[in-house]
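J.: My questions are about this predicted structure, shown below with the sequence.
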Amino acid sequence: MTPIQTPSIFAPVSTPAFAIRDLSFFVLAIMAAIFLIVAGIAIYTLIRFGRRPTNPQAEPAQVYGSTQIELAWTVVPLLIVVVLFLVTARYIYGIERRPQPPDALELTVVGHQWWWEIRYPKLGIVTANEIHVPVSDAANPAPTFITLESVDVAHSFWVPQLAGKMDVIPNKTNRVWIEPQQVGTYVGQCAEYCGLQHALMLLVVVVHPKDEFRKWVAAQQAAPAEVPTAREGRELFASLACINCHSVRGTPGNGVFGPDLTHLMSRSTLGAGAASNTPANLRAWVKDPSALKAGALMPGMKLDDAQLDQLLAYLVTLR
């Protein structure tokens, strides 16, 4: 993958994120102006009226009301609120009402405790925790439209450099779209507390050049190559409870409770960011998932070392 970019709403690379940044700058500019005016008045008051009076016993001048001042602190804040409301509504409408082109890439992202299921309905691809999309350019726009669902509790989909936050709610479908204009790898996060491992429910969006994206699609659509030396591990996998939760194309495994493992080793992390996807970490994950991600719903399989070695030899072939 390309180098991972530091998440920031102030470094957008996607059309909706550019709009959010511009709105943020506008709001920050108004807030800065208000701060400078209020701070300036406070400083002037301290300097102008901070000296001790020559006659401490004298009563200061009394002010019993000012229509002009009262109108100012009523009308000006009201105008500011109206302006912020209108500008925000304009940006929200512009983002939410973007029509979907017929050839746009479509994804379905399903939130689970605590990982993301990624489906490409038109491409027949199912993966986990990593979204792969083509880069967009002015000559050939390539937006990606994402349908958000949850199978358990409330989650929130957020990739700061690509789009705003969108809630992922059980029994409700929400929509968001991205149009990344720069190749790179961008980190997202579940932004709604969803349980013990909420902090380790990371999401990665990999933006490819268009020809490279087509190669990725072809690789994901292909069945994993059978490796004769991994046959014992494949048979062991098919005999364990793994197949009740996980799917691997070409095997009896057709579970839907855990991530699809067909191309497991093409992903960069395990457990939605809990650990890098290396053979050593994969072995530790299969042996005891809770050691890497406390509260993980995947149980330890209670395998001996020989069985772990056989299963690992098979899993690392799933590329």
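T.: In hand now; what should we look at?
J.: where does this protein have low pLDDT?
T.: Low-confidence segments of the chain, defined by pLDDT under 70: 1-3.
J.: how does it divide into domains?
T.: 1-33+69-221, 228-315 (automatic domain parsing).
J.: Show the residue spans covered by the strands in the chain.
T.: With strands called from DSSP state E, the chain shows them at 4-5, 105-112, 115-120, 125-128, 130-134, 144-150, 155-158, 166-168, 174-178, 184-190, 202-208, 269-270, 275-276.
J.: any idea which of these is most buried?
T.: strand 155-158 (a mean of 24; mean count of other CB atoms under 10 Å). For every residue, glycine as well, the C-beta is placed using N, CA and C.
J.: Identify the residues contacting residue 189.
T.: Residues counted as contacts of residue 189 (CB atoms under 8 Å, 6 or more residues apart in numbering) are 7, 158, 201, 202, 203.
J.: In this structure residue 182 contacts residue 208, no?
T.: No. With contact defined as CB atoms under 8 Å, residue 182 does not count as touching residue 208 (11.4 Å).
J.: what is in contact with those two at once?
T.: In contact with both residue 182 and residue 208: residue 135, using CB under 8 Å, 6+ apart.
J.: could you dump the strands of the chain to TSV with distance to residue 84?
T.: Formatted as TSV, those follow (distance: least, CB to CB, whole Å):
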stretch	distance to residue 84
strand 4-5	30
strand 105-112	31
strand 115-120	33
strand 125-128	39
strand 130-134	32
strand 144-150	27
strand 155-158	22
strand 166-168	21
strand 174-178	23
strand 184-190	27
strand 202-208	30
strand 269-270	39
strand 275-276	43
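J.: Which parts of the stretch 1-150 of the chain are helices?
T.: Assigned by DSSP state H, counting those that start in this stretch, the helices in the stretch 1-150 of the chain fall at 15-49, 67-96.
J.: And the ones you listed: which comes nearest residue 230?
T.: helix 15-49 (42.5 Å; CB to CB).
J.: residues making contact with stretch 298-309?
T.: Contacts of stretch 298-309 (CB under 8 Å, 6+ apart): 236, 240-242, 245, 258, 283, 286-290, 311.
J.: should've said stretch 16-31
T.: By CB under 8 Å, 6+ apart, stretch 16-31 touches 9-10, 12, 80, 83-84, 87-88, 91, 94-95, 160-164, 176-179.
J.: Show me which residues of that stretch are buried.
T.: 16, 17, 19, 20, 21, 23 (16 or more other CB atoms under 10 Å).
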